[in-house]
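Enquirer: The sequence isn't on hand, but the structure is:
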DNA sequence: TATTGGCACTCATAGGTCTTGAGTGCCAGA
DNA sequence: TCTGGCACTCAAGACCTATGAGTGCCAATA
């Protein structure tokens, strides 16, 4: 069993190692942290920590380094989440500034988060499929070409150009818009599929093929998996912290660019935290825990954030396992709150 | 003066060095390329090339490496732009597939280009400010909140949410839409500023404050510098080619992420090529030429591409100076043509 | 005049050996 | 339970040497 002081030693090792990237020896600990005991005593504690696999020695006679398990214990039990400094809060406000639309808000936010943490920052785009419909618009572009625009109550705007099989008259578009809005405004995207067919039936037979094509485009927008995506910033930071990875960062960068695995991980983190504090707490996935996603040796910190539609998505940072968890968790939490607020979240 | 054979030697050095990353010696050249002369003769040629600063020796007794100037001569005079293989053409077609809107087309294209070249691929978003207005839409979101949507004839859709100072009635939005479209459809964005004020005047005095705010939002969208942006893919490739840079790739990645300098470079490359072949030729900026943009040691290959609106933007790749120019130039050219075609370019 | 074989010279790289010192594990004594 | 002492380990750095790819130059040759 690890004693109280043992845990304090673990905390010291994590902090020192994160700060210096040097394996931490017993003497260093005695010097820097005012334990009232000698180096030999610390060594005994370290031997216990090593038995518990919370720390490890890169080679026989060197200092110790936290293991993934050690970081886990640190994050769960020992990390004091420091509140942001006034300067940092100020920096967020400056970054966010006056934003014109949701894309603007998100891209400013993601850059702010990257700046604050010096890591890769990630924001999951608020999924259309979990929101409600706020408005539909059909815009005549050319004969047989119509632009379908769908606005979600999260503020997200999606559009798609439809090539029709037959010509249409402008008034038809207008009545379709009115009918569609009447039927669909306020309806959750998930339920739209059942409502959509009824719209076609409101129109006289000769118009139905064209109407059906347009309605189909709405379904296409809603069903499109493309909505599940991340915006990111600060990928250069991965290169900066290259030395913290045993191999090349190339596969990691590739995985991040691909997004697929990251989205899965985000999904898992959301599920695991389902209901807890309205998903607004910061959750952490460390090192080998991310191996299934091709992200071994990295840690991912995420928090849920809310939109005015009441939907929840996640944002977070990704970096080497050797990162400053205290500071980064605080940053993720703060940014999630700022973002929720500026999107009009009610939670 | 460099002889005919001298240039052939330069070509051989570039090709070998790009392929192997090893400085190229006279013996290697004699072995791999069937010059009908001895190594000593090649050495004489190499001495001349060195006098002209087309090649350099990393240290006294090692093979030679092309200088930036050497690459320049290679690109301008010696590179044979290989046509793409059928397999590569096929790969492009598969990648592009069926696309729903312009964002989709661009993101597929940029990924295809990154795949083909194994470099960082860049596409300049077709700037709204150089296009014509195709349609305007004002969508009632809530009391005092309106979404302004602007569709350019390039297919680009931009939107912005406006918070109004006063309430509005829905019919006003409709008549504004009609008036605005009547006045603005087909007008180049650049000329819109002169037309916009006349719209306000068409409305009776009491409505003008609200109308002015909405018209202002249109001006805001058109004037927004945010339109000037790049989408990119394959940034991981920079990490893969890390060894080709003397320092860290970190500052380069940062510069790329920042986009600002890259956009300037794109602008310069467009200007320099103005009018030539309708801007559709591939132009190359090598090594130190990119230093002002924080991109020393990289080369950037770009080509113009056209949209249905007749506007031209650029796309290209960025990679280490030591890259396969022949293949990459071919890829950039081919992809620019594919993209122009699928955007309905008339050129 | 252009080309060639020969030869001395250079120097980065890799391998080998040695030294240094931070850090450990263990033990006997307080 | 803690501490001082001590032998032991081993990565990292300093230093040396051998190797060999590649050069520059020159006199001979076509």
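Expert: Noted; the coordinates are in hand. In this text, all values refer to a predicted model and were calculated from it rather than measured experimentally.
Enquirer: tell me the phi and psi of residue A:145?
Expert: Residue A:145 adopts backbone torsions of phi -120, psi 130, taken as degrees, to the nearest 10.
Enquirer: Next one: it from residue A:263, what distance?
Expert: Separation of residue A:145 from residue A:263 (Cβ to Cβ, to the nearest Å) stands at 32 Å. For every residue, glycine as well, the C-beta is placed using N, CA and C.
Enquirer: Report how many residues lie close to the closest residue to residue A:170 other than its chain neighbours.
Expert: Nearest residue to residue A:170, sequence neighbours excluded (Cβ to Cβ, 6 or more residues apart in numbering or on different chains): residue A:140, at 5.7 Å. Using other Cβ atoms under 10 Å in any protein chain shown, residue A:140 has 17 other residues around it.
Enquirer: Can you tell me how far residue A:140 is from DNA strand D?
Expert: As for residue A:140, its distance to DNA strand D is 67 Å (criterion: Cβ to the nearest atom of the strand, to the nearest Å).
Enquirer: Before we go further, residue A:134 is sitting in a strand, right?
Expert: Yes - according to DSSP: H, G, I helix; E, B strand; the rest coil, residue A:134 belongs to a strand.
Enquirer: so what's it up against?
Expert: The neighbourhood of residue A:134, defined by Cβ atoms under 8 Å, 6 or more residues apart in numbering or on different chains, consists of A:151, A:152, A:153, A:185, B:141.
Enquirer: would you turn these into a markdown table with secondary structure, neighbour count and pLDDT?
Expert: A markdown table is the format used below for the contacts of residue A:134 (DSSP: H, G, I helix; E, B strand; the rest coil; neighbours: other Cβ atoms under 10 Å in any protein chain shown; pLDDT from 0 to 100):
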| residue | secondary structure | neighbour count | pLDDT |
| --- | --- | --- | --- |
| A:151 | strand | 24 | 85 |
| A:152 | strand | 26 | 83 |
| A:153 | coil | 23 | 79 |
| A:185 | coil | 14 | 89 |
| B:141 | strand | 17 | 80 |
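Enquirer: Pick the one among the residues you listed closest to DNA strand C.
Expert: For the contacts of residue A:134, the closest approach to DNA strand C (Cβ to the nearest atom of the strand) belongs to residue A:152, at 55.6 Å.
Enquirer: ok, that closest one touching residue A:128?
Expert: Yes - using Cβ atoms under 8 Å, residue A:152 is in contact with residue A:128, at 5.2 Å.
Enquirer: Give the residues shared as contacts by these two.
Expert: A:158, A:189.
Enquirer: Can you show me the helices along the stretch 101-250 of chain A?
Expert: Ranges of helices in the stretch 101-250 of chain A, per DSSP state H, counting those that start in this stretch, are A:102-117, A:170-184, A:189-201, A:208-223, A:236-240, A:250-258.
Enquirer: wait, which of those is closest to residue B:104?
Expert: Shortest separation from residue B:104 across those is recorded for helix A:208-223, at 11.5 Å, computed as Cβ to Cβ.
Enquirer: elements contacting that closest one?
Expert: The helices and strands touching helix A:208-223, judged by 3 or more Cβ pairs under 8 Å, 6 or more residues apart in numbering or on different chains; DSSP states H and E, are strand A:145-152, strand A:157-163, helix A:170-184, helix A:189-201.
Enquirer: where does chain A dip in pLDDT?
Expert: Low-confidence segments of chain A (pLDDT under 70): A:225-227, A:274-279, A:309-310, A:346-347.
Enquirer: Nearest to DNA strand C: which residue in it?
Expert: The nearest approach of chain A to DNA strand C comes at residue A:25, 2.9 Å away (Cβ to the nearest atom of the strand).
Enquirer: State the distance from the closest residue to that residue other than its chain neighbours to residue A:78.
Expert: Leaving aside its chain neighbours, residue A:25 sits nearest to residue A:63 (3.8 Å; criterion: Cβ to Cβ, 6+ apart). Going from residue A:63 to residue A:78 by Cβ to Cβ gives 19 Å.
Enquirer: Same list (the helices of the stretch 101-250 of chain A) but as a markdown table, adding distance to residue B:196 and mean neighbour count.
Expert: As requested, the helices of the stretch 101-250 of chain A are arranged in a markdown table below (distance: least, Cβ to Cβ, whole Å; neighbours: other Cβ atoms under 10 Å in any protein chain shown):
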| stretch | distance to residue B:196 | mean neighbour count |
| --- | --- | --- |
| helix A:102-117 | 22 | 22 |
| helix A:170-184 | 24 | 16 |
| helix A:189-201 | 35 | 15 |
| helix A:208-223 | 31 | 18 |
| helix A:236-240 | 40 | 23 |
| helix A:250-258 | 41 | 19 |
